[in-house]
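J.: predicted coordinates and the sequence they were generated for:
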Amino acid sequence: MRPKAELHLHIEGTLEPELVVELARRNRIDLPTYDVEAIRSRYSFTDLRSFLDVYYEHLAVLRTEQDFYDLAAAYLRRAAGQGVRHAEIFFDPQAHLSRGVTLETVFGGLSAAIKDSGASAALILCCLRDRGAEEAEQVLRAALPFRDHFIGVGLDSAEVGYPPSLFRRVFDLAAAEGLHRVAHAGEEGGPDYVWEALDVLGVERVDHGIRAMEDPQLVARLREERIPLTVCPLSNVRLRAVPSLRDHILPAMLDEGLVVTVNSDDPAYFGGYVEDNYAALRRELGMSDEQLDRIARNSFAASFAYEG
Ligand code: HPA
Ligand code: ZN
């Protein structure tokens, strides 16, 4: 299996149904069902929003530092088995703060799991764009005492209607703190969202970015500045950003000379971890070893913190 870095992975999206049930029992939280197959049967999505509804609902089971530890430890174990040598991991503090879970709890559990695993991994704090810029700025300020625990900021959740430019101040603050900057853009939003992420937020990588391909000038910019794109093929199919893997634009992105990487996004929900994404590209799109090797090399080149 080829060594790779994973750069687009939401730790909350690695919450497998088995762990949902285990944590619900541990924390005495009521679930509509405790049957993992019944839970999994809900994972048929029509768009990003329909997925996010289930994703946020399941977070109710994450309460204690041990819960966050177990979540991250499970991901890091699986990732190692998928050839991941380095991971830059998103987390959504607002989705926990709003439930009364503190930043101490979240950082404590995630950071301890990374440390104990011995893995090369770092955290990226994501702002929930549909909760607005003011709350995002408050959360980033509240997280600054934990500055040693994370390397960057990102932007996720419902994209359309929440353009990157709304978050200029948050990203200016991140830059002033020496944090790396990334943003989801061009998943459901158009190329204009990708332009804004670059020009207004100063992002160093674009998460998803598949709709950048609709704008040749933008493609030229991404190529010339070697701005990496963290593409998530199985996610795009499950959230119907593309009709099927066979229709995925990823090979064309590679042919355009873009720094494309392949990632799993929310693997517990989208039917596979990162190597499963690579395998699907080979199987469904007939991508060659040379192409997949190039993508894996790109993943290290596009990482912020890989040592070794
Ligand atoms: N897109 C946007 N926000 C998200 C995603 C995603 O795929 N996963 C978790 N939050
Ligand atoms: Zn994502």
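T.: Thanks, I have the structure now. From a predicted model like this one, the values you see are computed outputs, not experimental measurements. Residues are numbered from 1 along each chain as shown. Ligands and ions are numbered 1, 2, ... in the order given.
J.: just the strands in the stretch 201-308 of the chain please.
T.: For the stretch 201-308 of the chain, the strands defined by DSSP state E, counting those that start in this stretch cover 205-208, 229-231, 260-262.
J.: which parts of the chain sit against ligand 1?
T.: Counting by Cβ under 6 Å from any ligand atom, the residues of the chain close to ligand 1 are 10, 13, 48, 55, 156-157, 184, 187, 235, 265-266. (Glycine included, C-beta is placed from N, CA and C.)
J.: change it to 8 Å
T.: 10, 12-13, 48, 51-52, 55, 90, 92, 126, 156-159, 184, 187, 207-208, 232, 235, 239, 265-266 (Cβ under 8 Å from any ligand atom).
J.: please verify my assumption that residue 197 contacts residue 206.
T.: Yes: when contacts are counted by Cβ atoms under 8 Å, residue 197 is listed as touching residue 206 (6.0 Å).
J.: could you dump the strands of the stretch 201-308 of the chain to JSON lines with mean neighbour count and mean pLDDT?
T.: Converted to JSON lines, those look like this (neighbours: other Cβ atoms under 10 Å; pLDDT from 0 to 100):
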{"stretch": "strand 205-208", "mean neighbour count": "27", "mean pLDDT": "98"}
{"stretch": "strand 229-231", "mean neighbour count": "27", "mean pLDDT": "98"}
{"stretch": "strand 260-262", "mean neighbour count": "26", "mean pLDDT": "98"}
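J.: can I get the ones you listed in JSON lines including distance to residue 223?
T.: Putting those into JSON lines (distance: least, Cβ to Cβ, whole Å) gives the following:
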{"stretch": "strand 205-208", "distance to residue 223": "13"}
{"stretch": "strand 229-231", "distance to residue 223": "11"}
{"stretch": "strand 260-262", "distance to residue 223": "11"}
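J.: and for the closest residue to ligand 1 within the chain, the neighbour number?
T.: Ligand 1 sits closest to residue 156 of the chain, with a gap of 3.6 Å, by Cβ to the nearest ligand atom. When counting by other Cβ atoms under 10 Å, one arrives at 27 neighbours for residue 156.
J.: cool, and the one 10 residues further on?
T.: Under the neighbour criterion other Cβ under 10 Å, residue 166 is assigned a count of 18.
J.: repeat that for residue 120.
T.: 17.
J.: give me the pLDDT for it.
T.: Looking at residue 120, its pLDDT is 97.
J.: where do the helices of the stretch 151-300 of the chain begin and end?
T.: 168-176, 191-199, 216-224, 233-238, 250-255, 267-270, 274-285, 289-301 (DSSP state H, counting those that start in this stretch).
J.: so who does the spatially closest residue to residue 241 that is not a sequence neighbour touch?
T.: Sequence neighbours aside, residue 187 is the residue nearest to residue 241 in space, at 5.9 Å (criterion: Cβ to Cβ, 6 or more residues apart in numbering). For residue 187, the contacting residues are 48, 159, 207-211, 236, 239, 241, by Cβ atoms under 8 Å, 6 or more residues apart in numbering.
J.: show me which of those are buried.
T.: Neighbour counting with 16 or more other Cβ atoms under 10 Å marks 48, 159, 207-211, 236, 239, 241 as buried within the contacts of residue 187.
J.: how about the nearest residue to the residue of the chain closest to ligand 1, chain neighbours excluded?
T.: residue 126 (4.5 Å).
J.: just say helix, strand or coil for that neighbour.
T.: Of the three states, residue 126 takes strand according to DSSP: H, G, I helix; E, B strand; the rest coil.
J.: that one contacts residue 152, correct?
T.: No: contact criterion Cβ under 8 Å: residue 126 and residue 152 do not qualify, at 9.5 Å.
J.: pretty sure residue 262 is touching residue 276, no?
T.: No: checked against Cβ under 8 Å, the pair residue 262 and residue 276 is beyond contact range at 10.2 Å.
J.: what number of residues lie near residue 289?
T.: The number of residues near residue 289, taken as other Cβ under 10 Å, comes to 9.
J.: how much space between it and residue 282?
T.: 8 Å (Cβ to Cβ, to the nearest Å).
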